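Undergrad: coords please:
(4 chains)
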Protein chains: 2
Amino acid sequence: MDDHATEAEFEHLLRSADLRVTRPRLAVLRAVRRHPHADTGSVLAAVRSEEPTVSHQAVYDVLGALAESGLVRRIQPAGSVARYELRVGDNHHHVVCRSCGVVADVDCAVGVRPCLDASDTHGFVVDEAEVTYWGLCPACSTDTAT
Amino acid sequence: MDDHATEAEFEHLLRSADLRVTRPRLAVLRAVRRHPHADTGSVLAAVRSEEPTVSHQAVYDVLGALAESGLVRRIQPAGSVARYELRVGDNHHHVVCRSCGVVADVDCAVGVRPCLDASDTHGFVVDEAEVTYWGLCPACSTDTAT
DNA sequence: CCCCTTTTCTTGAACGAGTCAAGTTTTTCC
DNA sequence: GGAAAAACTTGACTCGTTCAAGAAAAGGGG
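TA: Here you go, the predicted structure:
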């Protein structure tokens, strides 16, 4: 993996979002790339394996700034803490395991927001349709079956 | 409104779910009927206007038991606390205001779960497709526009 | 290359929704 | 009416997240 190239890419992403390039931010981007759908705690742990002095508050701030700029996407299935992923811009969806909470990506047939039209939105101006599929992951469904 | 009839209906609902009929449970059902999409705090307040001695823990327990039995539905849009509604069984969806958080119902064209098929669920056994429409409610969109 | 301004990060306290646990009360069935 | 099981009260507690104040670092102009 060409880490130098992606490092430069991350720098460019940050600058184009008017965000300063800092070690904590680069470490968070690397962590989210390596651990898709990780929660804040996991991101913090991954960040600290490279940058041990980064505070938990910095990770919250960074994830918030990146999410607001659209560089990462924040998802929060019911009953779960916030999770983050680097894959943005394709409006894909997620399937969540009711038992263990693990998350996987599901491609959106349409790919642009909003991919669904609501019948009657009561005057709301809708810009996104978020789909969450609920069920059991392969591991949990075999546990239950036997 | 024929309160006695619906009261008997609530009793029947509880009994058919193998749940004992108690004053806190009836009060919670009335509160959720009167305040669709209310969070736990609002349900607690509504319950206490009729039954001032009900504890907050009882409301958590009751809402949990009712949700598990399928008598109420729990929803939790990202960034929101848990909310509850009596309308169950039709797999309808929700539109949520990004600005003020207010929730409204959106009918599902299909009406039975799961109403959408995922392209590739990575081996997950999917039983529900939950759709959340995001946008601005009428009040917030006019505030922003002007 | 250095300084200044602004942004970002560290530290540490605080908040709030939700949960846990022990003991008491209420419901239901016989 | 009495026993067993379920539900409720009370109060402490957890944990993800946020708030606030000051220190550090990034980036642009001289």
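
Undergrad: strands paired with the longest strand seen in chain A, and their directions?
TA: Longest strand in chain A by number of residues (criterion: DSSP state E): strand A:125-136. Strand A:125-136 pairs in its sheet with strand A:93-97 (parallel), strand B:125-136 (antiparallel), by DSSP bridges.

Undergrad: Buried deepest among these, which one?
TA: Neighbour counts (mean count of other Cβ atoms under 10 Å in any protein chain shown) averaged over each of the strands paired with strand A:125-136 peak at strand A:93-97, with a mean of 23. All C-beta spots, glycine's among them, are computed from the backbone N, C-alpha and C.

Undergrad: what's the following helix or strand after that one?
TA: strand A:103-106 (DSSP states H and E).

Undergrad: so which of the strands paired with strand A:125-136 gets nearest DNA strand D?
TA: Nearest to DNA strand D among the strands paired with strand A:125-136 is strand A:93-97; the distance by Cβ to the nearest atom of the strand comes to 15.2 Å.

Undergrad: Not counting that closest one itself, show me its contacts.
TA: A:37, A:75, A:77, A:80, A:102-108, A:130-137, A:140, B:118, B:121-122, B:124, B:126 (Cβ atoms under 8 Å, 6 or more residues apart in numbering or on different chains).

Undergrad: Repeat that for stretch A:57-75.
TA: A:13-14, A:17-19, A:24-25, A:28-29, A:32, A:37, A:40, A:43-44, A:47, A:82-89, A:94, A:103, B:78.

Undergrad: Buried ones among those?
TA: Neighbour-count burial (16 or more other Cβ atoms under 10 Å in any protein chain shown) applied to those gives A:13-14, A:19, A:24-25, A:28-29, A:32, A:37, A:40, A:43-44, A:47, A:82-86, A:94, A:103, B:78.

Undergrad: per the record, what domains does chain A have?
TA: A:3-75, A:89-145 (automatic domain parsing).

Undergrad: Show me which helix or strand of chain A is least confident by mean pLDDT.
TA: Across the helices and strands of chain A, mean pLDDT, DSSP states H and E gives its lowest value to helix A:138-145, namely a mean of 80.

Undergrad: how far off strand A:125-136 does that one point, in degrees?
TA: For helix A:138-145 against strand A:125-136, the angle by axes from the mean of the first three to the mean of the last three Cα atoms, to 10 degrees is 50 degrees.

Undergrad: Helix A:138-145 - contacts with which helices or strands?
TA: Packing contacts for helix A:138-145, counted by 3 or more Cβ pairs under 8 Å, 6 or more residues apart in numbering or on different chains; DSSP states H and E, involve no helix or strand.

Undergrad: buried residues in that helix?
TA: Buried residues in helix A:138-145, defined by neighbour count with 16+ other Cβ under 10 Å: A:C140.

Undergrad: Outside of it itself, list whatever touches it.
TA: Residues from elsewhere that reach helix A:138-145 (Cβ under 8 Å, 6+ apart): A:C97, A:R98, A:S99, A:C100, A:G135, A:L136, B:H122, B:G123, B:F124, B:V125.

Undergrad: Strands of chain A, start to end?
TA: For chain A, applying DSSP E gives strands covering A:38-39, A:73-75, A:83-85, A:93-97, A:103-106, A:125-136.

Undergrad: where among the domains of chain A is the average confidence lowest?
TA: Lowest mean pLDDT of the domains of chain A: domain A:89-145, a mean of 87.

Undergrad: Switch the strands of chain A over to CSV; also include distance to B:T53.
TA: Listed next are the strands of chain A as CSV, based on distance: least, Cβ to Cβ, whole Å:
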stretch, distance to B:T53
strand A:38-39, 38
strand A:73-75, 40
strand A:83-85, 40
strand A:93-97, 38
strand A:103-106, 42
strand A:125-136, 37
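
Undergrad: I'd like to know which of those is closest to A:P114.
TA: strand A:125-136 (4.2 Å; Cβ to Cβ).

Undergrad: okay, that closest one in PDB with CA atoms only?
TA: The C-alpha coordinates for strand A:125-136 follow below in PDB (Å, rounded to 0.1, in the frame of the first residue of the first chain):
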ATOM      1  CA  VAL A 125     -37.900  19.500   2.300                       C
ATOM      2  CA  VAL A 126     -36.100  16.100   2.000                       C
ATOM      3  CA  ASP A 127     -32.500  15.900   0.800                       C
ATOM      4  CA  GLU A 128     -31.600  12.300   1.900                       C
ATOM      5  CA  ALA A 129     -33.200   8.900   2.300                       C
ATOM      6  CA  GLU A 130     -31.200   6.800   4.700                       C
ATOM      7  CA  VAL A 131     -31.900   3.100   4.600                       C
ATOM      8  CA  THR A 132     -30.900   0.800   7.400                       C
ATOM      9  CA  TYR A 133     -31.400  -2.900   6.900                       C
ATOM     10  CA  TRP A 134     -31.800  -4.900  10.100                       C
ATOM     11  CA  GLY A 135     -31.200  -8.600  10.600                       C
ATOM     12  CA  LEU A 136     -28.600 -11.100  11.700                       C
END
